[in-house]
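**Q** Pasting the sequence and the predicted coordinates here, then a few questions.
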Amino acid sequence: MKLQATSGTLSLIRYNPPPFSPPHRCTTPFSLPKHRLFMAACIDTSRAETAQTNQLSCEPNGSHLDDHMYKFANFCRPSFSDLVSCVPMSQNGRKRIHTSTVEDDLCGADLWLKIQDEARSDVEQEPILSSYYYSLILSHKSLESALANHLSIKLSNSSLPSSTLYDLFMGVLVEDGEIMGAVKDDLRAVKERDPACISYVQCLVNFKGFLACQAHRVAHRLWSQGRKILALVIQNRVSEAFAVDIHPGAKIGRGILLDHATGVVIGETAVIGDDVSILHNVTLGGTGKVSGDRHPKLGDGVLIGAGTCILGNVRIGDGAKVGAGSVVLKEVPPKTTAVGNPARLVGGKENPIKLDKIPSFTMDQTSHISEWSDYVI
Amino acid sequence: MKLQATSGTLSLIRYNPPPFSPPHRCTTPFSLPKHRLFMAACIDTSRAETAQTNQLSCEPNGSHLDDHMYKFANFCRPSFSDLVSCVPMSQNGRKRIHTSTVEDDLCGADLWLKIQDEARSDVEQEPILSSYYYSLILSHKSLESALANHLSIKLSNSSLPSSTLYDLFMGVLVEDGEIMGAVKDDLRAVKERDPACISYVQCLVNFKGFLACQAHRVAHRLWSQGRKILALVIQNRVSEAFAVDIHPGAKIGRGILLDHATGVVIGETAVIGDDVSILHNVTLGGTGKVSGDRHPKLGDGVLIGAGTCILGNVRIGDGAKVGAGSVVLKEVPPKTTAVGNPARLVGGKENPIKLDKIPSFTMDQTSHISEWSDYVI
Amino acid sequence: MKLQATSGTLSLIRYNPPPFSPPHRCTTPFSLPKHRLFMAACIDTSRAETAQTNQLSCEPNGSHLDDHMYKFANFCRPSFSDLVSCVPMSQNGRKRIHTSTVEDDLCGADLWLKIQDEARSDVEQEPILSSYYYSLILSHKSLESALANHLSIKLSNSSLPSSTLYDLFMGVLVEDGEIMGAVKDDLRAVKERDPACISYVQCLVNFKGFLACQAHRVAHRLWSQGRKILALVIQNRVSEAFAVDIHPGAKIGRGILLDHATGVVIGETAVIGDDVSILHNVTLGGTGKVSGDRHPKLGDGVLIGAGTCILGNVRIGDGAKVGAGSVVLKEVPPKTTAVGNPARLVGGKENPIKLDKIPSFTMDQTSHISEWSDYVI
């Protein structure tokens, strides 16, 4: 089944790009026990299709990353339901699937085995890190446990013991398969998109952007359950420990890369789609002191360059790119590039140049040079 | 008594705004025992007047926050004496008042009782935070003690025991009523202006911008007393713990909101007025390596957007607003809006549009869209 | 011997500046025992010449800092070999010299004695800091030990004991005289260029930019030796503890000032020359997710203002200045000033104004006002 939901916008594209599939999602099918695969494919065809080209999937026919081109598949993300048509049934299917036990999640289990292998290899290279890797990775029976432990140590202090935090994080991660699916998608996103990331275990152990994002996922779950006090304590500790300030109310999709991450600020009513890459010092901020929906909405596949401020309830369309150091106060259409302070669209407001690759995957932050910066120096 | 000090500048305003009073100051009168109230009103009428419209004041006739409009009352801030005419007597009165004991400070005592109530309510909602709230709030007899304890834990490390820091902070806070007045004004400022702040106790416990500002107040007092070594140690620890770097020489007024706060840098000779709101990643920086007065001066009621750099000994006038991501190297007149890199005045240099509300109170960071950003995307 | 390597570019300078020498390098000669001085002068004359005007040198005839004017001496930095002609012999000499023991390094030993004196003086002023200064400075026999101890405490956590880190740092610092030479040059750079730095011991104890830079020097040495896992752990801990994210692959010269430092991000293949000053929130970032040489190259004497993003494998020429809040995607010629978003050259692309002083030394961040910002407000 081929989705045509975005064909209307495709006609505006200058270049005629071949279809693409997001390359790396650990999608529905391989979260399932094998006997459920066909059913899942019926329920959520776009995700099944996606999986077939996933380099990291459990499927054998994954194609090359660089082949991915635009075709906006139905990601079925509830928070972005206005961007895509989302069959309720597929959501139900997805929800059911993600609350399945971790043991069912073969792809995830493989990832955890790989992380442990990487840890053992690292220890072989650096025996002085034996106890470091043992306490963080090798002493744990699951990714959930390792992550809960790592976060609880990083975010504890003398008033907030790590044991309390561990129980809290572990409880949320074990019972919420959707978060663990997102954790794994994030691990893959960092590994694929950040050339400085040499292994999954490096990301899990070292990358504060990854850790801040996962702590937020737990805080957001608590916030949604009405446990606001606890969620705000986690937000604060993340802001102190990692210099990343994400309000627990913010909705963040899967496959997120927060690169370097220092200084990132994301407001309460911000919504971030799937497969988004955000560099450091990016602000998704509000305006005014009225409550209510007041923060930016980022579509799928968006790339936001370092030091950029996006303010107010404005939409950054699917596959759009915002250059470093930009100030964005208005909507950015899908697949366009906004640069500058105040931001303007590369190619002009009336006929902006459309990107033919997903910017969050390519991480190309400077190819708008010739359009924008060539004449200046 | 109505002050007319700024009536000269009012004639330049395009719109004819109704008079306003700053809404939230815990002003002179209710720092006083009741029998001193009338005297205080005689000494410092502008503050007494202000208090009458203070939503949070002990006075019963506080009006709504949103009603506040411009009328530059005499704030009697010594560091900005050139901006306002300041009767020495009122200053003496103020100084005397603020060195009165905390027990006299009914409004402040009420605030501390409210914070404790909020803490008990939070614990009821989240029993796993019992020991957290007990150690930070409920075990303390005063706001001074709670704040000194919280800061000393956050800023201690293995070389710098929290007990040493606690004694130091407690000593300064107990003996310096002016700092405690500013602490309370800051608590009210955060609660009023930041829609993400749901209670005073949240601000006190969780907001690193608030904590950084209070640590600075102590460091600045030490600096002013010639205890520079100690002040610099505190500055450094705040920079590490909160990613907020405020030189202890900087003079900062009351009612300050440092929102999110990561990456804020404020230089040695910077001066910040009262009722100022500063977002994260804002730099009030110097230039050159000569010593002497080399950093910006911010008037009262100023709002500085995220990621903005203001460099050199330039003045940002009372009630002015600087948009996010701006670079300001020159003076910004009162009640105007500067945006961009390099900054320009909304409405033009010759006849800039004048704001009719205090930007630090409204926190409106994007209403200059139509003037500045509309044509670009 | 007068070097004429850059005479070609001098002809492009509008102003005809008198020759200068970098003022502060602890250069080859005074790293040597006295009987080796003459030999060193023969090997590395540019450094010897430099030393004669060094205010902080062991030589008696140091001239004033403010006298320094442009004359691009041969700094013999291997990583910038394309910028200068570098006689291999002098490098050999330099290498040999810098692997000499610390006891040989009179200038360095003097610096350590001065730091201890400053510490004792500070303790006299602030007895409550006795144990702080004792554990950090006065209990140590060498600068290497004090630095290794300080870093190991700051970067340790419950999974990574400070004793492991101390042994690691101490091992690298003791065996690698070149790093210690750079450490001392950095101490001098901060003291000279940052008017907020009141003593060497303040820099060593308090300045997170300095500490982050030294931790990077150790991490870079480990990275170069193939100990990548360990180097990445250090990078991560520095990013958490100081909010400074420098990839261990980055090559950084001597005499570096990272002022305030919060939010600095420097990518894997970035190269930074000698005598460079970088303010906070500066990004030397890559683009795309291909591996390989993808980050900026900064020449000697460069000054980068706060909040500036430089992206891609672009060169910032010797003695160039980039204003605060700039976005640079293209080459900046030597001794020019780039400002704005996107960056443009002050004076115009065809005939940019050439600086007549080294911007990293003057730290002048706003003198381009009249050229760039005057008309805007």
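**A** All right, it came through fine. Source: prediction; values computed, not measured. Numbers count the residues shown, from 1 in each chain, chains lettered A, B, ... in the order given.

**Q** Just the pLDDT for the residue in the stretch 151-300 of chain A that chain C sits nearest to.
**A** Residue nearest to chain C within the stretch 151-300 of chain A: residue A:206 (3.8 Å; CB to the nearest CB). Glycine gets a C-beta too; all of them are placed from N, C-alpha and C. For residue A:206, the model assigns a pLDDT of 96.

**Q** Excluding sequence neighbours, find me the nearest residue to it.
**A** residue C:236 (3.8 Å; CB to CB, 6 or more residues apart in numbering or on different chains).

**Q** my guess is the one you found meets residue A:203, correct?
**A** No: Residue C:236 is beyond contact range of residue A:203, at 10.4 Å (criterion: CB atoms under 8 Å).

**Q** Look at the two and report which has more neighbours.
**A** residue A:203 (23 against 20; other CB atoms under 10 Å in any protein chain shown).

**Q** Contacts only, for the residue lying closest to residue A:150 once chain neighbours are set aside.
**A** In space, and not counting its chain neighbours, residue A:150 is closest to residue A:136: 5.6 Å by CB to CB, 6+ apart. By CB atoms under 8 Å, 6 or more residues apart in numbering or on different chains, the residues touching residue A:136 are A:119, A:146, A:149, A:150, A:205, C:159.

**Q** what's the neighbour count on the residue of the stretch 151-300 of chain A closest to chain C?
**A** Counted with other CB under 10 Å, residue A:206 comes out at 21.

**Q** Next: residue A:185.
**A** Residue A:185: 21 neighbours (other CB under 10 Å).

**Q** how near is the residue of the stretch 101-250 of chain A at minimum distance from chain B to residue A:261?
**A** Taking CB to the nearest CB, chain B has its nearest neighbour within the stretch 101-250 of chain A at residue A:236, 3.8 Å off. Noted for residue A:236: a distance of 16 Å to residue A:261, by CB to CB, to the nearest Å.

**Q** ok, the nearest residue to residue A:358 once chain neighbours are set aside to residue C:301 distance?
**A** Distances taken as CB to CB, 6+ apart put residue A:301 closest to residue A:358, at 4.2 Å, once the chain neighbours are dropped. Per CB to CB, residue A:301 is found 41 Å from residue C:301.

**Q** Establish whether the longest helix out of those in chain A and chain C are in contact.
**A** Identified as the longest helix of chain A according to DSSP state H is helix A:106-125. Yes: contact of helix A:106-125 with chain C (CB under 8 Å from any CB of the partner chain) involves A:122, A:125.

**Q** if I've got this straight, residue A:168 is in a helix?
**A** Yes: membership of residue A:168 in a helix is supported by DSSP: H, G, I helix; E, B strand; the rest coil.

**Q** Give me the number of neighbouring residues for it.
**A** Neighbour tally, residue A:168, other CB under 10 Å: 20.

**Q** what residues are up against it?
**A** Residue A:168 neighbours (CB under 8 Å, 6+ apart): A:152, A:218, A:230, B:128.

**Q** Pull up the gap between the nearest residue to residue A:191 once chain neighbours are set aside and residue C:157, please.
**A** Closest residue in space to residue A:191, ignoring its immediate chain neighbours: residue A:197 at 5.3 Å, by CB to CB, 6+ apart. Counting by CB to CB, the gap between residue A:197 and residue C:157 amounts to 21 Å.

**Q** Of the two, which one has the most company?
**A** Remark: of residue A:197 and residue C:157, residue A:197 carries more neighbours, 21 against 14, as counted by other CB under 10 Å.

**Q** There's contact between that one and residue A:204 in this structure, I believe.
**A** No: taking contacts as CB under 8 Å, residue A:197 lies outside contact range of residue A:204: 10.4 Å.

**Q** wait, is residue A:295 part of a strand?
**A** No: counting by three-state DSSP, residue A:295 is not part of a strand but coil.

**Q** give me the number of residues near it?
**A** Neighbours around residue A:295, by other CB under 10 Å: 24.

**Q** doesn't residue A:283 make contact with it?
**A** No: the criterion here is CB under 8 Å, and residue A:295 misses it with residue A:283 at 9.8 Å.

**Q** Now do the residue nearest to residue A:206, the pLDDT please.
**A** For residue C:236, the predicted pLDDT is 97.

**Q** quick one, the host helix or strand of it and helix A:106-125 angle?
**A** Residue C:236 is part of helix C:228-242 when elements are defined by DSSP states H and E. Computed with axes from the mean of the first three to the mean of the last three CA atoms, to 10 degrees, the direction of helix C:228-242 lies at 100 degrees from that of helix A:106-125.

**Q** Show me what helix C:228-242 packs onto, helices and strands only.
**A** The contact analysis (3 or more CB pairs under 8 Å, 6 or more residues apart in numbering or on different chains; DSSP states H and E) places helix C:228-242 against helix A:200-206, helix A:208-224, helix C:143-155, helix C:208-224, strand C:245-246.

**Q** contacting residues for residue A:278?
**A** Here residue A:278 is in contact with A:256, A:257, A:258, A:259, A:264, A:272, A:303, A:304 (criterion: CB under 8 Å, 6+ apart).

**Q** Settle this for me: residue A:159 is touching residue B:132, isn't it.
**A** Yes: counting by CB under 8 Å, residue B:132 is a contact partner of residue A:159 at 5.1 Å.

**Q** still on that earlier bit, does the residue nearest to residue A:358 really touch residue A:363, like I thought?
**A** No: using CB under 8 Å, residue A:301 is not in contact with residue A:363; the gap is 11.6 Å.

**Q** Of the two, give the one with the bigger neighbour count.
**A** residue A:301 (31 against 23).

**Q** Report the secondary structure element holding that one.
**A** Here residue A:301 is assigned to no helix or strand, by DSSP H and E.

**Q** ok, it to chain B distance?
**A** 19 Å (CB to the nearest CB, to the nearest Å).

**Q** quick one: pLDDT of that residue?
**A** 97.

**Q** Count residues in the vicinity of residue A:290, would you?
**A** Around residue A:290 there are 13 residues (other CB under 10 Å).

**Q** Residue A:312 now?
**A** If you count neighbours by other CB under 10 Å, residue A:312 ends up with 21.

**Q** Repeat that for the one 10 residues further on.
**A** Taking other CB under 10 Å as the criterion, the count of residues near residue A:322 is 29.

**Q** next one: residue A:356
**A** Neighbours of residue A:356 using other CB under 10 Å come to 17.

**Q** which SS state does it fall under?
**A** Per three-state DSSP, residue A:356 ends up coil.

**Q** Kindly provide the distance from it to residue A:336.
**A** 12 Å.

**Q** do the same with residue A:137
**A** 42 Å.

**Q** How about residue A:180?
**A** 34 Å.

**Q** Now do the nearest residue to residue A:277 once chain neighbours are set aside, the pLDDT please.
**A** Distances taken as CB to CB, 6+ apart place residue A:360 nearest to residue A:277, at 3.8 Å, with adjacent residues excluded. Turning to residue A:360, the model gives it a pLDDT of 93.
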